[in-house]
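Engineer: next comes the sequence, and after it the predicted model I'd like to discuss.
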Amino acid sequence: MDYKKIFEKAGDQNFFIKTTASPRLDDALKVSLNRKGNALYNQGNVEEARRIFITTGYSDGLSRIGDYYKSRGRLLDALRMYWIAPDRAKTEPIIIRLSEIIRSLINEEGDVPNE
C-alpha cells in the first residue's frame, strides 16, 4: 500500500490510518531489542517488554507475556499474545474456556422470564 499517495489525496483533512504493517528491522536490531525486552521482562517491566516483543515479532517473548497474563487471570490479553506469537497450542484451551463462559451466559439469559 502506498501511504504517501493516500496522504497526498487527503489534502488538509485530519485523519488517522491504522496499519498492521510491522516495521522492517535488520537482524542485529531485532536481536538487540529482544535482549532489551528480555531484560525488561526479567525486571518485571512486562508492558515495556510486550511493546518490544510485538514490534520485533519475538514469538517466545510474546508467549511468555501471554503466560504472565494468563497467570493473572487476564485471559483475553493472554489470548492476544498467544495469537500474535503464534502459539496455537496455548490459544485453543483459552478459546474453549471463553466459549464455555459465553455459552453459560447465553443459557442463563435464556432462563430469565420475559416481563
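Structural biologist: Okay, I see it.
Engineer: every contact and neighbour count from this point should use C-alpha atoms.
Structural biologist: Fine.
Engineer: give the buried residues for the host helix or strand of residue 104.
Structural biologist: Element membership for residue 104, per DSSP states H and E: helix 88-111. Under the neighbour-count criterion of 16 or more other CA atoms under 10 Å, helix 88-111 has 90-91, 94 buried.
Engineer: tabulate those (JSON lines), appending distance to residue 83 and pLDDT.
Structural biologist: Below are the buried residues of helix 88-111 laid out as JSON lines (distance: CA to CA, whole Å; pLDDT from 0 to 100):
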{"residue": "90", "distance to residue 83": "9", "pLDDT": "96"}
{"residue": "91", "distance to residue 83": "6", "pLDDT": "96"}
{"residue": "94", "distance to residue 83": "11", "pLDDT": "95"}
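Engineer: what backbone torsions are found at residue 45?
Structural biologist: Main-chain dihedrals, residue 45, degrees, to the nearest 10: phi -90, psi 70.
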